[in-house]
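>>> Mind folding the following:
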Amino acid sequence: MIRRFAFVLLISVLLIISAGCGNDNSAASGKPDSDGLFPIRVATQTGFNEITIADELGYFKEEGIKIEDTGVLGKGVTEYQLIAQGINDAFISGHPPNVAQARLAGLKMLAVAPGMVDNKDFPHVRYLVQDSSPIHSLNDIIGKKVAISNVAPCTDGYLKYYLSQQHLSGDINWTTLPSPGQQEQSLEQGLVDVTTSHPPFAGIALKQKGIRQIATSWDILHSPGAGLSVRGFSEDFIKQHPDVVKGFTRALAKVRPWINSHQEEAKRIVAKQLKLEPEDLSVFWYDEDKDINQDYIKQWFDISEQIGLWKKGDIQPADIFTNEYAPQ
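Residues are numbered from 1 along each chain as shown. Next up, the predicted model:
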């Protein structure tokens with residue numbers, strides 16, 4: 001188990017190095033390459049992501065698009081910063097609050113397609129402890145050391161929202177571990193008391209002896225919308241390449257229901273990329289609607305405002321997305 005995680009961590013480090021010194025970071029030409037495919041540059045994904053699967057199935061190629069990975073995100077670096085710097089073209093992870101925060105910072109980003117949503121049977125986030133832990137519910141995490149990823153606000157945000165709703169207060173030692181698999185490994189080694197865990201690594205962790213689940217994001221929010229992730233581009237890219245954006249949303253509209261109905265095949269594709277065993281992985285559940293649901297975004301805004309990411313009225317749900325380019 002530890003060897004598997006160590007291998008993934010090594011790959012992540014190598015990708016970060018290659019992203020810093022081996023990639024062409026010049027602005028995209030805005031034209032198809034010699035192979036006739038339009039390149040869309042994105043951050044390399046280190047978890048379960050529909051972009052990887054759509055690319056493997058040829059859905060992007062059918063739309064005249066090819067996905068070009070530019071390396072994993074460094075600590076403290078966001079997809080939105082890389083787009084603003086002309087390094088990447090699209091953001092392919094994260095949630096509505098991330099787009100809202102980018103726009104509040106002056107980066108004109110727009111979501112054009114939904115991604116995964118929360119599901120009772122395929123939860124977005126699982127909360128795990130060691131089997132011997134005295135922690136038996138989320139009410140017990142006050143004063144504890146909790147491992148989170150750098151994909152805020154879904155890891156710490158859900159928990160802060162839950163504690164607020166339950167009128168529970170007290171310090172929590174939030175420990176950010178950005179590398180894939182690092183959160184789960186830290187729990188196994190007893191370095192943290194609780195870990196938040198996403199697919200695919202939640203599945204691996206739960207198969208290990210001595211790991212116990214105390215709750216999921218569904219238990220907190222009871223809503224598919226509160227798990228919504230979104231994909232998109234800068235406003236400039238959308239204006240310059242509307243047909244490419246439409247092709248991008250068509251490819252994703254094909255792959256989302258495919259993943260839901262072909263989970264074992266989807267696991268094999270992701271496992272091949274991450275050098276893991278398919279049977280160990282857990283999966284996300286994907287939104288099968290072609291449009292982004294504004295009510296789902298509003299749920300994220302309610303959470304974000306409750307935990308103080310911004311003040312109510314600073315930005316509206318309609319400001320961060322468009323369905324103009326969704327498949328008809």
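>>> I'd guessed V270 sits against T52; true?
Yes - in this structure V270 lies within contact range of T52 using Cβ atoms under 8 Å: 6.1 Å. From N, CA and C alone the C-beta is placed, and that goes for glycine too.
>>> Neighbours of the residue nearest to E50 when sequence neighbours are not counted, how many?
Among residues not flanking E50 along the chain, V255 sits closest, at 5.1 Å (Cβ to Cβ, 6 or more residues apart in numbering). If you count neighbours by other Cβ atoms under 10 Å, V255 ends up with 23.
>>> give me the element V255 is part of.
helix 242-261 (DSSP states H and E).
>>> Just the C-alphas of that helix, formatted as CSV.
Only the C-alpha atoms of helix 242-261 are listed here, as CSV (Å, rounded to 0.1, in the frame of the first residue of the first chain):
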residue,chain,number,x,y,z
PRO,A,242,-16.4,29.5,-29.7
ASP,A,243,-16.5,26.4,-31.9
VAL,A,244,-13.7,24.8,-29.9
VAL,A,245,-15.6,25.5,-26.7
LYS,A,246,-18.7,23.9,-28.2
GLY,A,247,-16.7,20.8,-29.2
PHE,A,248,-15.2,20.6,-25.7
THR,A,249,-18.7,20.6,-24.0
ARG,A,250,-20.0,18.0,-26.5
ALA,A,251,-17.1,15.7,-25.7
LEU,A,252,-17.8,16.1,-21.9
ALA,A,253,-21.6,15.6,-22.4
LYS,A,254,-20.8,12.2,-24.0
VAL,A,255,-18.4,11.0,-21.4
ARG,A,256,-20.3,11.9,-18.2
PRO,A,257,-23.1,9.4,-18.7
TRP,A,258,-20.6,6.9,-20.1
ILE,A,259,-18.7,6.9,-16.8
ASN,A,260,-21.8,6.4,-14.8
SER,A,261,-22.8,3.3,-16.8
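>>> Identify all contacting residues around that helix.
For helix 242-261, the surrounding residues in contact (Cβ atoms under 8 Å, 6 or more residues apart in numbering) are 38, 40, 50-51, 53-54, 57, 59-60, 62-65, 90, 112-115, 231, 233, 237-238, 266, 283-288, 290, 325-327.
>>> In helices only, show me those.
E50, I51, I53, A54, L57, Y59, F60, E62, F237, I238, A266 (DSSP state H).
>>> For the first one, give its distance to F122.
Read it as E50. Between E50 and F122 the computed distance is 13 Å (Cβ to Cβ, to the nearest Å).
>>> for R256, same thing?
13 Å.
>>> For those two, indicate the residue with more neighbours.
Each of R256 and F122 has its neighbours counted (other Cβ under 10 Å); R256 has more, 24 against 19.
>>> For the more buried one, give me the pLDDT.
Per-residue pLDDT puts R256 at 98.
>>> Where do the strands of this structure begin and end?
Secondary structure of the chain by DSSP state E: the strands cover 38-42, 65-69, 90-91, 109-114, 116-117, 126-130, 145-148, 173-176, 194-197, 211-216, 230-234, 285-286.
>>> Of all those, which one is nearest G313?
G313 lies closest, by Cβ to Cβ, to one member of the strands of the chain: strand 109-114, at 19.9 Å.
>>> contacts for that closest one?
Residues from elsewhere that reach strand 109-114, judged by Cβ under 8 Å, 6+ apart: 80, 83, 91, 96, 99, 102-103, 228-235, 238, 245, 248-249, 252-253, 256, 286-287, 289, 291-293, 296, 320-323, 325-326.
>>> residues in contact with the nearest residue to Y161 once chain neighbours are set aside?
Beyond its immediate neighbours in the sequence, the residue positioned closest to Y161 (Cβ to Cβ, 6+ apart) is I303, lying 5.0 Å away. Neighbouring residues of I303 by Cβ under 8 Å, 6+ apart: P97, P153, G157, Y158, Y161, L221, A226.
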